[in-house]
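**Q** generate a structure from the sequence data that follows.
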Amino acid sequence: MAVEFCRIDDRLIHGQVVTTWLIIKQIEQVIIVDDAVAKDKIQSNVLKMSVPPNIKLHIFTTEKFLKIVPNNPVTRRTMLLFASPFTVEEIVDSGYKIEKLNIGGIRGNDKRKQYTKAVFLTDYEKCALEKIMDQGVDIEIQMVPTDGAVKLREVLEK
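**A** From the prediction side, this is the model:
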């Protein structure tokens with residue numbers, strides 16, 4: 001499988017992704033799996049303009065991703081990008097194998113508790129991530145490659 005990097009970042013495509021992760025991981029294509037974004041043509045078009053011209057970008061609903069992937073193996077060096085832990089939970093629950101997941105940022109609001117500088121979670125998001133870890137997915141928090149990675153389980157136990 002050519003999925004090189006899986007990441008949750010509620011900003012999806014932005015400077016840190018384009019200038020660091022795509023280069024470090026030698027990514028050839030990005031697949032965003034997010035129901036809201038896939039159904040929003042304006043946001044999808046903005047995201048497509050945000051990636052370098054040499055990077056292919058696909059945006060799928062969770063349902064479409066799970067329907068396409070079994071019959072179309074990923075052959076390019078690919079980054080799977082999610083805006084929410086719930087999407088990852090649904091994909092992992094369906095049997096799709098993710099070995100390692102990076103969390104770059106989940107912004108705060110009045111319903112979320114702060115766990116790190118850039119990761120804020122509701123109780124439901126925390127539970128979803130714990131369930132994903134319990135299914136064998138190694139989850140680390142790391143905004144950019146030059147930051148040290150921190151295991152999510154250690155952060156949640158504090």
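**Q** the strands in the protein, which residues?
**A** Applying DSSP state E to the chain gives strands spanning 3-9, 29-33, 56-60, 78-82, 100-105, 113-114, 120-121, 138-141, 150-151.
**Q** can I get those strands in CSV with distance to residue 90, mean pLDDT and mean neighbour count?
**A** (C-beta placed from N, C-alpha, C; glycine too.) Putting the strands of the chain into CSV (distance: least, CB to CB, whole Å; pLDDT from 0 to 100; neighbours: other CB atoms under 10 Å) gives the following:
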stretch, distance to residue 90, mean pLDDT, mean neighbour count
strand 3-9, 13, 96, 21
strand 29-33, 9, 97, 23
strand 56-60, 12, 96, 17
strand 78-82, 10, 97, 25
strand 100-105, 13, 95, 21
strand 113-114, 23, 95, 11
strand 120-121, 17, 96, 20
strand 138-141, 16, 98, 20
strand 150-151, 23, 96, 14
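**Q** and residue 49, which of those strands is closest to it?
**A** The minimum distance between residue 49 and those falls on strand 56-60, with 9.6 Å, by CB to CB.
**Q** who does that closest one pair with, and is each partner parallel or antiparallel?
**A** strand 29-33 (parallel) (DSSP bridges).
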